[in-house]
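Enquirer: pasting the sequence and the predicted model now:
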Amino acid sequence: MKKMLIIEDDKLVGNIYRHRFQAAGFQVTLATDGEAGLRAVADCQPDIVILDLMLPKLNGVEVLKRLRATGKARSLPVIVMSNAYMSALVQEARNAGADHCINKASCTPNHLVDLVNRTLGPLSGVEPTPAKPALKAEPGPTSTSAGMHRRCPPTGAEDDPALQAELRQAFLKSASEELARLRSALQAVIKSDDAAMRLQHLVSLYGRVHSLTSNSAVAGVTSVAKMASALEALLKELHEKPKNLTASTLRTVAHTIDFLGVLLGHSGAREADPLPQPNIMVVDDEAFSRRAVIGALEKANLKCVGVEDPNVALTMLSKNHFDLIFLDVDMPRLNGFELCARLRALPGYARTPVVFVTALTDFESRARSTLSGGNDLIAKPFLFIELAIKALTYVLKGQLGGPGP
């Protein structure tokens, strides 16, 4: 019998993984923080480790570095479970010696079993889950600025339907209570006058969102997992850079929590196959600013078309359909407000979300953005992850049949 160590701070998620791997023929040990994980490696001498990156006491990268610094553990297979939006941390894990980095928000327990069996080889006497092509043949590891971050394949027929149905039902049953806890934790952040106490409340909120990401992923509620994963990354950045904890970013956090409630309300049935990638346009005459918006969208794995000339953009909009549009305001010949008003007159663009990304944030500019038909305005300079959350919200809202916030 092969031995496995799972280092995961969410006990519920850890127990789900443990039971699934025990059913697959593994002897499983569970540790809930980085220091306990290192002790467990020495005690149980596992054949493979499943390692969450975001851990208390000692994070996953530090655990990896210490493992790779010791004799026997240098070649110990380690599969890292991470947040797709934390690309720098994922690259650190790769550099520290992770064998695989997978997106926690899109990986079910059975997909993880498949990856472990491919890493170790099928266990003697244990029937693996029904065969699929090797992970390297699955559609796209996702490119990020920090390197390749492998995604698990979408939920498929190889999952145990009874198990997935049970996990989904249990998750949705507790979802309304968890949403109330998230809102309560956010209120504690907003109402705190003391900077140190506010950061403590922010850590508490982060922990709840981190747990929601994990639980929704194992339950197969992928839309909630995607949104929670992005919010988790934003909260982490706000904790690391408290100067960005402003009224604007807190509004984004509040709107995202509200939207998670909308997504949970649409998650009663098994989710459909992944919908086609949305078509997104970014119009900005400055190459650096345009590239910044495109980079932020890539964080959410959203592809887009960048356009320098607003008149060219208007022609492209008249000939092709786009689902989401980002506009600069201060552009030559045709400014963003004028472009927005004109595109609203095009067939099929009456409700298409339009987001202004501009340094013009005075009251008059905000008023003109609304009067010209815009849905939102993001101030430059912006947080990449905050813009990614806005985009993801509009995309998922559109897939539910609405124009977005």
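Expert: Here it is on my side, so go on.
Enquirer: can you show me the helices along this structure?
Expert: Taking DSSP state H as the test, the helices found in the chain are 11-23, 34-44, 60-68, 87-96, 109-120, 161-191, 195-218, 222-240, 247-265, 287-299, 310-319, 336-344, 363-371, 384-399.
Enquirer: turn those into TSV, columns for mean neighbour count, mean pLDDT and distance to Asp328.
Expert: In short, each C-beta sits where N, CA and C put it, glycine included. Output for the helices of the chain, formatted as TSV (neighbours: other CB atoms under 10 Å; pLDDT from 0 to 100; distance: least, CB to CB, whole Å):
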stretch	mean neighbour count	mean pLDDT	distance to Asp328
helix 11-23	17	86	42
helix 34-44	18	91	44
helix 60-68	21	91	37
helix 87-96	19	85	25
helix 109-120	20	84	41
helix 161-191	15	86	31
helix 195-218	20	89	31
helix 222-240	23	90	23
helix 247-265	18	91	18
helix 287-299	18	90	6
helix 310-319	16	95	9
helix 336-344	21	93	5
helix 363-371	14	82	12
helix 384-399	23	90	13
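Enquirer: those: which one's closest to Val80?
Expert: helix 87-96 (4.8 Å; CB to CB).
Enquirer: export the closest one to PDB, keeping only CA atoms.
Expert: Once side chains and other backbone atoms are set aside, the C-alpha atoms of helix 87-96 remain, and they are given as PDB (Å, rounded to 0.1, in the frame of the first residue of the first chain):
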ATOM      1  CA  SER A  87       1.400  33.200 -10.300                       C
ATOM      2  CA  ALA A  88       4.500  34.500  -8.500                       C
ATOM      3  CA  LEU A  89       3.900  32.100  -5.700                       C
ATOM      4  CA  VAL A  90       3.400  29.200  -8.100                       C
ATOM      5  CA  GLN A  91       6.700  30.000  -9.800                       C
ATOM      6  CA  GLU A  92       8.400  30.000  -6.400                       C
ATOM      7  CA  ALA A  93       6.900  26.500  -5.800                       C
ATOM      8  CA  ARG A  94       8.300  25.300  -9.200                       C
ATOM      9  CA  ASN A  95      11.700  26.700  -8.400                       C
ATOM     10  CA  ALA A  96      11.600  25.100  -5.000                       C
END
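Enquirer: ok, the residue of the chain most remote from its centre to Ala313 distance?
Expert: Of all residues in the chain, the one whose C-alpha sits farthest from the chain's mean C-alpha position, using CA atoms, centre = their mean, is Arg333 at 38.0 Å. Taking CB to CB, to the nearest Å as the measure, Arg333 and Ala313 are separated by 11 Å.
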